[in-house]
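1. have a look at this prediction, sequence included:
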Amino acid sequence: MCRVELSKAYRLLNHGPTVLVSSSYNGKQNIMAAAWACALDFDPPKITVVIDKSAYTRELIEASGTFAINVPCVAQIDIARKVGTTSGRDLVDTDKFALYGLETFPATEIDAPLLKDCVAWLECKLIPEPHNQNTYDLFIAEVVAAHADERVFSNGHWHFEGHDKVEYDKLRTIHHIAGGAFFATGIALKSSV
């Protein structure tokens, strides 16, 4: 057993896939990567996501009250890295979508754009919790619409096996483990009990 620095302890928990958070308000839009997002409740469905005070996406979310969670796949690892290391606030006369040639499509219940070629999308309405947001950068939202790529998610379950391996490996979700390194979702296992 090795000792882990407390500043790195968060890396021991697999909290879910890396997500791309998109937001829109008053004609402006942005997208950022977030590694700290997770499900919170079933009915109505709720999620949490940590978004730093300095993030431009946060400004748009707080103004609009909505955002989208886009779940990228292995084929989008470079996109995740780019939008996660660039600030939309620093871009003049453009945004990350235009800068990186990211194609979107409209959400069904909110104004935030959804990123094409992801494997899942959650449309979210913010549940204002000023204390959590200001103290912990923790945002809670109700999921008002959800969509998935049926090639890898159907009947309420992910299924990455049983298809053309090369194509479907590109559709696996990604998990950021720090420093630009990612894991892809692995093999599906089922308990015998």
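-> Nice, I can see it. Residues are numbered from 1 along each chain as shown.
2. how about the helix or strand bottoming out on mean pLDDT in the chain: buried residues?
-> Least confident helix or strand of the chain, by mean pLDDT, DSSP states H and E, is helix 165-169 with a mean of 74. Across helix 165-169, burial judged by 16 or more other Cβ atoms under 10 Å covers residue 168. Where you see a C-beta, it was placed from the backbone N, CA and C, and this is true even at glycine.
3. heading C-terminal from that helix, find the next helix or strand.
-> For helix 165-169, the following helix or strand on the C-terminal side (DSSP states H and E) is strand 174-178.
4. what's the neighbour count on residue 147?
-> Per other Cβ atoms under 10 Å, the neighbour tally for residue 147 reads 17.
5. so which strand or helix has it?
-> Assigned by DSSP H and E, residue 147 falls in strand 138-148.
6. residues of that strand that come out buried?
-> Buried, per 16+ other Cβ under 10 Å, within strand 138-148: 139, 140, 141, 143, 144, 147, 148.
7. any low-confidence regions in the protein?
-> For the chain, the stretches with pLDDT under 70 are 2, 10-15, 162-164.
8. tell me where it has helices.
-> Remark: helices assigned in the chain by DSSP state H are 56-64, 77-85, 96-99, 130-136, 165-169.
9. winner for burial among these?
-> Of the helices of the chain, the one with the most neighbours on average (mean count of other Cβ atoms under 10 Å) is helix 56-64, at a mean of 21.
10. which strands and helices sit next to it?
-> Here helix 56-64 touches strand 19-25, strand 28-34, strand 66-71, going by 3 or more Cβ pairs under 8 Å, 6 or more residues apart in numbering; DSSP states H and E.
11. now for the residue nearest to residue 49 when sequence neighbours are not counted: which residues touch it?
-> In space, residue 49 comes closest to residue 37 once its chain neighbours are excluded; the distance is 4.2 Å by Cβ to Cβ, 6 or more residues apart in numbering. Contacts for residue 37 (Cβ atoms under 8 Å, 6 or more residues apart in numbering) come out as 15, 16, 19, 21, 47, 48, 49, 50, 69.
12. gap between residue 17 and residue 161?
-> Applying Cβ to Cβ, to the nearest Å, the value for residue 17 to residue 161 is 17 Å.
13. of those two, which one has the most company?
-> Of the pair residue 17 and residue 161, residue 17 is the one with more neighbours under other Cβ under 10 Å, namely 24 against 10.
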